[in-house]
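Colleague: pasting the sequence and the predicted model now:
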Amino acid sequence: MSDFALWVIAPYLALTVFVVGHVWRWRTDQFGWTTRTTQVLESRLLRLGSPLFHLGAFMAIGGHVLGLLVPKSWTEAVGVSEHLYHLVAVTAGTIAGVMVVAGLGLLLARRFTNGRVRRTTTRMDKVLFTVLGAVIFFGMAETVGVNLFGGGYDYRETVAVWFRGIFYFQPEPDLMAGAPLVYQLHTLSAWVLIALWPFTRLVHVWSAPIAYLWRPYVVYRRRAPAPRSVAR
Amino acid sequence: MRVMAQMAMVMNLDKCIGCHTCSVTCKQTWTNRDGVEYVWFNNVETKPGIGYPKRYEDQDRWRGGWTLDRRGRLKLRAGGRIKRLVNLFANPDLPTLDDYYEPATYDYDTLISAPAQEHTPVARPKSMITGEDMAITWGANWEDDLGGAPQHAPSDPNMKDLADKVKMEFEQTFMFHLPRICEHCINPACVSACPSGAMYKREEDGIVLVDQDRCRGWRACVSSCPYKKVYVNHKTGKAEKCTFCFPRIEAGQPTVCGETCVGRLRYIGLVLYDADAVTEAASVPDPRDLLEAQKKVFLDPNDPRVVAAARAAGIHDDWIEAARMSPVYRLAIDYGVALPLHPEYRTMPMVWYIPPLSPVMDAVTGRGADPDDADEVFHAITDLRIPIEYLAELFTAGDTEVVAGVLMKLSAMRHHMRSRTIDGTPAAGVLDAVGMTAAEVEDMYRLLAIAKYEDRYVIPAAHKEDAAALEALADGCSLDGDGGPGMTGFHMEGNASGKRADGRVGLPLFVRKG
């Protein structure tokens, strides 16, 4: 029963909060939807820590897409052996993990030692940093502790299958129940992060300004809509 | 030809006494809030000096404005679109608070709450950012009237080529004040650098604004503005900037800085320009051609073809009439005495300046020559107390001829008015030398010296019939939230009478003159 609660109810709960929370925040809090930049208060450490963290995070997200969403049969179909996959995943995962840990470490040290930045830190920021730190800690324990130095664990047979199952409404909680504890903890803390997401500064992720690449340089707006363009 | 109207300003530096009234009234109106303690939408700098923020004119460091790429096309100096996006995580060109200054207040409460003690209690300076004790070592006008200039002024970026010409000895030095607001550029680098598309230029009047709801705090605008007139609100994490007091402009009133200027040196008016010609004009290869190129973008509001095109573009007749009476157009084009600040940034700034003349006359008097003698006046212009090269660095990308021409016109005007008043018979030779008629010079004199309110500010009110958005303001707006630009504002009643919700009477917003 507790397996059902942890590996079926909790994910759907988190995803529901994630979706509904974002809709609510987007509709009510455009003014608060920001990166909450503090670079103007402190720039030296941020210029080191922020690119490290973000680049590492992109690599880690890419790794999760590859590891969780792409079925093992697909990679094998294109001739990627289990050994090769393992090698690439552990190498890239470790690099990404080290970057994220170093980056976040620098950013947190900056945030809590620099008085200017500390003063801008909200309670929700502290909750977020705690949960994010837990997710990263357990993730590093998997990649480095289990897969690099430990015996290794093929999460693509269990965790990934269960994860995909959530999205076509056939979750198999037994697959997670049998996974090592550190994988369970990583997964659970990740669901907490997902549920917190819409209420934190993480919403800035969805505002990644990709459209800047092709929009005209100077933006013009009418103070009031022109009469002829009303119908548009 | 695509006609657009631009609200623009000219400041007559001859008359600026550096009283900072503009800065203070602007501050009280717009930035007396948490998060923008260090922000001055209007500031007054003493030149020579490094300015606010420190050395903002050093574009090798801050990479503001535009440059030309190898093929001669306009490119943000901070880099192309991809580079800008890569730099989202940490902007390499962003000034920090220490480049502005750490805002401080004093612990006044100690003065009255300290217990009885041997020594008089003191009010210690406290950082408004951290609340900690601090030593105040810089401010927005720290160099006021050349304070500390012997140490700081030599690092003024405009002095790089004339260090040996500029004397810092008290008896020989020079100074003038430079009030600065957002330039509301025709080719704004901040708008072009904004990844979110939150910054925009208003089609109706060219005012450049930040949509507070769409700003995501990527801060590219702050570093790309070469004048450093976009700021980060460190409480809301959003960009804020000079609004050209658009609520007042829409009501036909001058900006707060203009309204309260005791020197009466600001002029506000419309300029019509050809939006299709902007890119080409901003891309001329030689920076010294940028002034003429920008002037060519401006359209003559008396030209029937321009009027027809303006009407076709939806510009109302009262606005075209206002463009005809615009003091900005008269000063920049008709008389040609106003110059843009740092045209070499290629942003086509729309706050222009009449370079200061007074120290010229002092220099002439100091040499024992007759300041009324026209030849002596014109000759002295190249031998000034304010080096003409310095003014040229500020206003003409280094072209001293243009600055000399402006100063000659101004001194010719003085000479003409002086001889007319004292002798009753002005000599024609002086005016011929600058190519102006007596009538023109006397009109310019009335505009510059008499400077009546209605001549300085020719501001057509916004057209309400196509501005349903104005109505929305009456119900408050999204910016009134905590930390927002409107948090200290009041909500107007529906009749726009200025009656506040708490029953007190504020200033009515919609006041029409005459």
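Modeller: That came in fine, so what should we check first?
Colleague: use CA for all of it now, contacts and neighbours both
Modeller: Will do.
Colleague: the strands in chain A, which residues?
Modeller: For chain A, the strands defined by DSSP state E occupy A:220-221.
Colleague: and the biggest helix by length in it, what does it pack against?
Modeller: As assigned by DSSP state H, the longest helix anywhere in chain A is helix A:82-113. Where contact means 3 or more C-alpha pairs under 8 Å, 6 or more residues apart in numbering or on different chains; DSSP states H and E, helix A:82-113 is packed against helix A:44-64, helix A:115-119, helix A:123-140.
Colleague: and of these, who's closest to B:Leu265?
Modeller: Nearest of those to B:Leu265, taken as C-alpha to C-alpha: helix A:115-119 at 39.0 Å.
Colleague: related to what we said a few turns ago, quick check: angle from the longest helix of chain A to helix A:123-140?
Modeller: Taking axes from the mean of the first three to the mean of the last three C-alpha atoms, to 10 degrees, one finds that helix A:82-113 is oriented at 150 degrees with respect to helix A:123-140.
Colleague: quick one: buried residues of helix A:82-113?
Modeller: Neighbour-count burial for helix A:82-113, with 16 or more other C-alpha atoms under 10 Å in any protein chain shown as criterion, is recorded at A:86, A:89-94, A:96-104, A:106-108, A:110-111.
Colleague: quick one: the nearest residue to A:Ser189 once chain neighbours are set aside from chain B, how far?
Modeller: In space, and not counting its chain neighbours, A:Ser189 is closest to A:Val135: 5.5 Å by C-alpha to C-alpha, 6 or more residues apart in numbering or on different chains. From A:Val135 over to chain B the distance is 22 Å, taken as C-alpha to the nearest C-alpha, to the nearest Å.
Colleague: and for A:Val135, the neighbour number?
Modeller: For A:Val135, the neighbour count with other C-alpha atoms under 10 Å in any protein chain shown is 21.
Colleague: just the pLDDT for it.
Modeller: What the model reports for A:Val135 is a pLDDT of 98.
Colleague: I figured it hits A:Tyr183, correct?
Modeller: No: look at A:Val135 against A:Tyr183 with C-alpha atoms under 8 Å: they stay out of range, at 10.2 Å.
Colleague: from A:Gly56, how far out is the residue nearest to A:Ser189?
Modeller: Applying C-alpha to C-alpha, to the nearest Å, the value for A:Val135 to A:Gly56 is 14 Å.
Colleague: in stretch A:116-133, what's buried?
Modeller: Here stretch A:116-133 shows A:116-118, A:120, A:128, A:131-133 as buried, counting by 16+ other C-alpha under 10 Å.
Colleague: format these as JSON lines; extra columns: distance to B:Arg311.
Modeller: Output for the buried residues of stretch A:116-133, formatted as JSON lines (distance: C-alpha to C-alpha, whole Å):
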{"residue": "A:Arg116", "distance to B:Arg311": "53"}
{"residue": "A:Val117", "distance to B:Arg311": "52"}
{"residue": "A:Arg118", "distance to B:Arg311": "55"}
{"residue": "A:Thr120", "distance to B:Arg311": "50"}
{"residue": "A:Leu128", "distance to B:Arg311": "56"}
{"residue": "A:Val131", "distance to B:Arg311": "60"}
{"residue": "A:Leu132", "distance to B:Arg311": "58"}
{"residue": "A:Gly133", "distance to B:Arg311": "61"}
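Colleague: in those, find the pair that's most separated.
Modeller: A:Arg116 and A:Val131, at 23.4 Å, using C-alpha to C-alpha across the buried residues of stretch A:116-133.
Colleague: ok so, going back, the inter-axis angle of the longest helix of chain A versus helix A:44-64?
Modeller: Going by the same axes, to 10 degrees, helix A:82-113 makes 150 degrees with helix A:44-64.
Colleague: where's helix A:82-113 relative to the chain centroid, distance-wise?
Modeller: Distance of helix A:82-113 from its chain centroid, counting by C-alpha atoms, centre = their mean, to the nearest Å, is 13 Å.
Colleague: pLDDT of that helix, averaged?
Modeller: On average, helix A:82-113 scores 96.
Colleague: around chain A, which positions in the stretch 51-200 of chain B sit nearby?
Modeller: Residues of the stretch 51-200 of chain B lying close to chain A (C-alpha under 8 Å from any C-alpha of the partner chain) are B:81-82, B:85, B:89-92, B:94-97, B:129-130, B:187-188, B:191-197, B:199-200.
Colleague: check what pLDDT B:Asp432 gets.
Modeller: According to the prediction, B:Asp432 has pLDDT 88.
Colleague: I'd assumed it was in a helix, is it?
Modeller: Yes: under DSSP: H, G, I helix; E, B strand; the rest coil, B:Asp432 falls within a helix.
Colleague: what's the burial count for it?
Modeller: A count of nearby residues for B:Asp432, using other C-alpha under 10 Å, gives 12.
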